[in-house]
Structure formats: C-alpha cells, structure tokens
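Chemist: Give me a model of this one.
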Amino acid sequence: MRRDPHALGIAQTRWTLATIQEACAWMQALTKPGIAQILERLGISWKRARWHIHSPDPLYEAKLALVRCLGRAVRETDGTLVLVYLDEITIYRQPTLGAAWEQTGPHQARAERSYRSDTPTRVVATLDPCDGRVVYRRGATIGVAELVALYQDLVAAYPQAERMYAIQDNWPVHTHPDVLVALEVQETPWPYHRPASWSNEPSPKARQKYGDLHLPIQIVQLPTYASWTNPIEKLWRKLRGDLLHLHRYADRLEELQQEIDRFLDQFANGSQELLRYVGLLVPN
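Modeler: Residues are numbered from 1 along each chain as shown. Below is the predicted model of the structure:
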C-alpha cells in the first residue's frame, strides 16, 4: 500500500481494488468484494491521508539530543537553570472553522464573519515544560523589539535563574544581531542561518538600546521544518479549540484580543492540566 503504483507500471497515484488485483497475480480470480474482505482481514482500510514532511536538517538528532541534555540539567537544579519553549502565532479577526454540535440534517454550525478586513494579531510566548507557566507578548507585529521585550519579561518572571535556555525554531529574526546584542554571549555549537543581505553586527540603535542588558538567555535552535518537536505548538492548538474556532468577535477586535489575553493569563502561574494537554506530563 505504501509503494508508489508507478513503480509497478500503474499510471495512478493511489491504489484501487482494481490496481491491487492487477499487481497481485494470486488475486486475479477474486472478485472486488473478495479483495476488499481480504484487505479488511489484513488490517488494511481506505483512509484519508494527512500532510507529511520530514525535517531535512542533517543535525536533526544532534539538536534534539542537546535539548534532552539541557532538560536533564535543568531538572537537576533548584531553579538556577530554566528551559522554555518559544514560538509565535498569527491570529486573524475572522473566526476559524471547526466542528460543533448542531441539529441533525442540513443544519450546520456557523462561523459568522465580519465585513471588515481580516486584521492579524500576533503573539509570541514561552512555555515552561516543568510547571506549564506561560509568558507572552501580544501585538500587531512581532519583531526585534517584541522579542527583546519578551526576554525581559522572562527574566523578570524567573528572578532566581542564572541562565535560561529558549528552545525555538529557525525563524531568522530569532537570531537577528539586534536581538542577540541584548543577550549574553551565545554558545551555540551550530552556525545561524540568516539572509545574505543582513549584517552580522547589531545596528548602532540596537547596540545603544539593548547593549547593556546582557540578559542571561541562550537561544537553542530546533531542527529545521520540525514543528512537531516544539510542544508549545499544542498550546496554539488549545487556543484555537477553546477560543478561535467559531468565535463571535469578528466585529469586536478589541474584545477578541482581550479574550486571547484572558486565555493565556490563566497559565501565568503554571498549569498541570496544560502540561498534560501538550504531552509533557504523563500520568503515573
């Protein structure tokens, strides 16, 4: 079933009962219902496909091994080391579609849209895998200033931390020189990938504004194109399920933004329930 039919001379992208029969000589005398019964007994059924991509990063295993190593080191300290996962999400004014209970028949739940522009709201946040604490910033855009402000909030939220590890993806802005100038000297074992047009030095403005911060934060990059390695992605999934699907705020953007804040604020002091939801807390 997992082989490309073209490999066996069949000019189709998916297998059908007829092409399975064509490819298997021992099935030639069977009827289509008979073939279907055999597949059912073998545990093979007609299923909807899902999107799939494999990370092309040659350092995939090494980067994940580093994250695991840092996680063990953090758990062995009394709070002087902290590890968090970081990510961004873009939320639009219009509600997203999702399943909901509705009367059987032609009736469907409705996602009431506004005639207004589909204004984006952006959030950058961190998730603590030890206690489920969430620190976040919300704004119209997320760039250098917002990232540095989040890092400052993070340091304020963990006053006992001597060093913090921010696990994140490879969005180039994460390692922009104007962001790095606000942090302590980075000890990454791998080079950063940035657009060729970018300077490797911070701008004079950023150096003047952030150069004296020396925030005790190390950026740790996840493998490229590997969103499944970042548990905070499931926080966004919960946000969509609890708030964004079928919401009624399309004409009231400020209320939608307040609800986003309310949703995230509930995790300000940590949450065991959130850790279970994102898969970081396994019950005994």
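
Chemist: Let me see the ranges of the strands in the stretch 1-150 of the chain.
Modeler: For the stretch 1-150 of the chain, strands defined by DSSP state E, counting those that start in this stretch occupy the ranges 81-92, 120-127, 134-139.

Chemist: Quick one, which of the ones you listed gets closest to residue 165.
Modeler: Nearest to residue 165, of all the strands of the stretch 1-150 of the chain, is strand 81-92, at 4.5 Å by CB to CB. (C-beta placed from N, C-alpha, C; glycine too.)

Chemist: Quick one: residues in contact with the longest helix seen in the chain.
Modeler: Looking across the chain with DSSP state H, the single longest helix is helix 60-75. Residues from elsewhere that reach helix 60-75, judged by CB atoms under 8 Å, 6 or more residues apart in numbering: 57, 81-83, 129-130, 165, 167, 189-190, 220-223, 226, 229.

Chemist: same thing but 10 Å
Modeler: Contacts with helix 60-75, where a contact means CB atoms under 10 Å, 6 or more residues apart in numbering, come from 54-55, 57, 59, 80-85, 128-130, 161, 163-165, 167, 170, 188-190, 218, 220-226, 229-230.

Chemist: For those, which PyMOL command selects only the ones that are buried?
Modeler: Buried residues among the contacts of helix 60-75 (16 or more other CB atoms under 10 Å), as a PyMOL selection:
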select buried, resi 55+57+81+82+83+84+85+128+129+130+161+163+164+165+167+170+218+220+221+222+223+226+229+230
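
Chemist: burial count for residue 49?
Modeler: If you count neighbours by other CB atoms under 10 Å, residue 49 ends up with 6.

Chemist: what residues are up against it?
Modeler: For residue 49, the contact set (CB under 10 Å, 6+ apart) comprises residue 14.

Chemist: same check, this time on the one 5 residues further on
Modeler: Contacts here follow CB under 10 Å, 6+ apart; on that basis residue 54 touches 60, 225-226.

Chemist: now residue 256
Modeler: 91-95, 119, 121, 243-244, 247-250.

Chemist: how does it look with 6 Å?
Modeler: residue 249 (CB atoms under 6 Å, 6 or more residues apart in numbering).
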